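> sharing a model that was predicted from the sequence below.
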Amino acid sequence: MLSKLPSRFGLHPNLQFLRAVGPSGDVRRARRLFDEIPHPDIRSWTLLITAYTKSGFPKEALEVYDELRERKFHPDQLALLSVTKACAALGNLIKAKGVHEDVIRYGYRSDLLLGNALIDMYGKCKYAQGAREVFDNLSAKDVISWTSMNSCYVNCKLPSEALITFREMGLNGVRPNPVTLSTVLPACSGLKSLNSGREIHAYIVRNGIHDNVYVSSALVDMYASCSSIKQAETVFNSTRQFDHVLCNVIMSAYFSNGECDKALHIFDQLQKGRTKLNHDSWNSVIGGCMQNGRTDKALQILHEMQQSGVKPNNITITSVLPLCIDLGSIRRGKEIHGFLLRHLFLEDETVFTALVFMYAKCGDLELSNRVFYMIPKKDTIAWNTMIIGNSTHGKGEEALLLFREMVSSGVKPNSVTFTGVLSGCSHSQLVDKGLMIFYAMRKEHGVEPDSEHYSCMVDALSRAGRLEQAYNFIQNMPMKPSAGAWGSLLGACRVYKNVEMARVAGKQLLEIEPENAGNYVLLSNIYETAKLREEASEIRKLMRERGIMKVPGCSWIQVKDKVHTFVVGDKNNAQTAEIYSFLIEVGEKMRLAGYLPCTDLVGQDLDAEEKEYSLCNHSERLAVAFGILNLDGASSIRVFKNLRICGDCHNAIKYLAKIVGVQIIVRDPLRFHHFKDGLCSCRDFW
DNA sequence: TTCGCGGTGA
């Protein structure tokens, strides 16, 4: 084929250029050839702009447009259309408004094609108001105008507006086409409006449009979003046309319904098909496995993906980063970070945020901070992630500072922001600052406090020992108090040894959350500490009768490439003997330094010596000892635990950190404890 | 000139 082409040296630069901007052209070559054209006409300019946009360089396309304008060219309809598409691809509203002005300046105000393109452009820039203005000013609207307006509303997360516009369109006598239908169905998904979705489905069936893949996948997605997995399945099974998107939609429908095996079955069939899978399908299945806790399967499929020659992209990375969090494996996280730097451009805000989260969750708040400040444009989730990171590390003041910085930089806080800030206040005993924020959130930021926020405040008051006030706060909640609120109060009753309040909170808690073993254990420990043996054993009896099993405590730590796991009294580690003799040996030094084992928290009928022994072999203590024995020159160790850290271990680890001279970081499900020089960052409130 | 899936925060 190539040999039949005339030598490119003999071609006129203009013709060579035209070939280079063609479907399989190379945009950089096109640019060089363009520069060789002595007097490029408006058509060549337009072709170059389009070529840049289609090759994924909308910014460069706009630069070409600026160049064209500087040279005093008058853009025509096609040139304006091409630059409108570039703006849409870039999503830059300021540029978009400039192009809109040019459309008016050059006399295309009432041009239908350009009007439609402008609606689409504003939609992609998430500026519904601008799109609506253009839409309203169109003297004649066709089905594309309506569809673009719909699509804009869906893009701007205004699904009700989309449905209203869709109805309006019908009243104006314009019939929807398949594109319109696949645009409006996601609005039903967003609203979880099964009725609207069914209505549109009925229209589709009546008009025989159901054999369109776009329509089918939108239908499957709509039913899945409305929790009608059976109907989603029916639509999928009755579809005659397939493509990879439709398969991805049904896979995610199954995944979000917890039906992993069905999803994986679809994926198997996709893999057996003739076409090579693209990123989308791999990412859908990897993400689905991750969300369903099938992390081994996710890793296996990630491996298969790489074997098949598809390189992980930003989305793949973002969805597998939580693997490092589960294991607390900062080493693996750094490897992935390195992969990103070597193979992909680190410019995607979502990946940045996932890295910030990973580092914070793996215990390294400093690295987390550093990545955070590298994010060029921080959105609400990015700020929230950093705020929550600081809160869980007991840095309430920093969380408050970040919150102020976020607001002054013009990013709107949402309800998650306040959960982060308030929990930060409560972990750092900034009760009054917390109360101020709590009262300001509705008034100044328009965010209605939900039960999480109330729970945070109950928690803050409880930790500060203001138990009566916390109790009043619970009673004045406009919604049913959550288990979290009562749980905070009960936890504080343990710290402040308030048995009467514990009785009240415990009763509520066992009613709301009868299946949570932790509540029984906590309540029985409080009774035990208060020497109310009978009440304590009654709670344990109740727990047995209800068949509630304690979740076994488990701690883990990474040393070199391996994650080592410990349970109570664990003897499976290769260094078991060393661990126990170390704990006995250092136990003497701890006692001399003033450590008193607090034996009454072990709610079993053992004598004092046995109790002390059973504290000494808690999983977190074994993991810490193992970490110290394998320090290898490091100055800190990181231990992770599935349950809240035990009070006596918390005390013991403070002494351990001082005696050994290391920083010990322990993550429990709620927060981080940084032990250093005999103190903990939680200031003994947790 | 308009369309469907996949990734981040409690």
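Perfect, I can see it now. Numbering: from 1, shown residues only, chains lettered A, B, ... in the order given.
> roughly how far does the nearest residue to residue A:460 once chain neighbours are set aside sit from DNA strand B?
What sits nearest to residue A:460 in space, not counting adjacent residues and going by Cβ to Cβ, 6 or more residues apart in numbering, is residue A:426, at 3.4 Å. For glycine as for every other residue, the C-beta is placed from the backbone atoms N, C-alpha and C. For residue A:426, the distance to DNA strand B equals 12 Å [Cβ to the nearest atom of the strand, to the nearest Å].
> what is the neighbour count of residue A:426?
25 (other Cβ atoms under 10 Å).
> enumerate the residues of the stretch 1-150 of chain A near DNA strand B.
Those residues of the stretch 1-150 of chain A that sit near DNA strand B, judged by Cβ under 7 Å from any atom of the strand, are A:81, A:85, A:112-113, A:116-117, A:120, A:142-145, A:147-148.
> I figured residue A:628 hits residue A:583, correct?
No: at 9.8 Å, residue A:628 and residue A:583 do not qualify as touching, with contact defined as Cβ atoms under 8 Å.
> which residues of the stretch 201-350 of chain A score low on pLDDT?
Applying pLDDT under 70 to the stretch 201-350 of chain A flags residues A:328-329, A:344-346.
> ok, 90 please
Along the stretch 201-350 of chain A, segments meeting pLDDT under 90 span A:208-211, A:240-243, A:270-279, A:293, A:295-296, A:298-300, A:302-303, A:306-314, A:317, A:320-349.
> the bottom helix or strand of chain A by mean pLDDT?
Least confident element among the helices and strands of chain A, by mean pLDDT, DSSP states H and E: helix A:608-616 (a mean of 59).
> any idea how far residue A:361 is from the one residue sitting closest to the centre of chain A?
For chain A, the residue nearest the mean C-alpha position is residue A:354 (7.1 Å; Cα atoms, centre = their mean). In this structure, residue A:354 and residue A:361 are 10 Å apart, going by Cβ to Cβ, to the nearest Å.
> re earlier: am I right that the residue nearest to the centre of chain A is in a helix?
Yes: the assignment for residue A:354 is a helix, going by DSSP: H, G, I helix; E, B strand; the rest coil.
> and the residue of the stretch 551-686 of chain A nearest DNA strand B?
residue A:670 (8.5 Å; Cβ to the nearest atom of the strand).
> how about the contacts made by the closest residue in space to that residue that isn't next to it in sequence?
The shortest distance from residue A:670 to any non-neighbouring residue, by Cβ to Cβ, 6+ apart, is to residue A:644 (6.6 Å). Residue A:644 is in contact with A:518, A:668, A:669, A:670, A:686, counting by Cβ atoms under 8 Å, 6 or more residues apart in numbering.
> dump the residue contacts of the third one.
Residues in contact with residue A:669, defined by Cβ under 8 Å, 6+ apart, are A:641, A:642, A:643, A:644.
> in which helix or strand does it reside?
Residue A:669 is located outside every helix and strand, with elements delineated by DSSP states H and E.
> can you list the residue ranges for strands in chain A?
A:554-559, A:562-567, A:636-641, A:663-667, A:672-676, A:679-680 (DSSP state E).
> so residue A:440 versus residue A:451, what's the distance?
19 Å.
> mind checking which of those two has more residues around it?
Legend: neighbour count by other Cβ under 10 Å for residue A:440 and residue A:451, higher for residue A:451 (16 against 12).
> one step back: if I look at the residue nearest to residue A:460, how far off is residue A:366?
23 Å.
> and if you look at residue A:164?
50 Å.
> mind telling me which residue of the stretch 401-550 of chain A is nearest DNA strand B?
Residue nearest to DNA strand B within the stretch 401-550 of chain A: residue A:416 (3.6 Å; Cβ to the nearest atom of the strand).
> contact partners for that residue?
By Cβ under 8 Å, 6+ apart, the neighbours of residue A:416 are A:380, A:381, A:384, A:388.
> distance check, the second one against DNA strand B.
In this case it means residue A:381. Residue A:381 is 4 Å from DNA strand B, by Cβ to the nearest atom of the strand.
> how many residues are close by the residue nearest to that residue when sequence neighbours are not counted?
Among residues not flanking residue A:381 along the chain, residue A:353 sits closest, at 5.7 Å (Cβ to Cβ, 6+ apart). When neighbours are defined as other Cβ under 10 Å, residue A:353 has 23 of them.
> now swap in residue A:228 and tell me
Residue A:228: 17 neighbours (other Cβ under 10 Å).
> so it is in contact with residue A:194, correct?
Yes: if you go by Cβ under 8 Å, residue A:228 and residue A:194 touch, sitting 6.4 Å apart.
> could you check the angle the lengthiest helix in chain A makes with strand A:562-567?
Ranked by number of residues, the top helix in chain A under DSSP state H is helix A:576-592. Per axes from the mean of the first three to the mean of the last three Cα atoms, to 10 degrees, the angle that helix A:576-592 makes with strand A:562-567 is 70 degrees.
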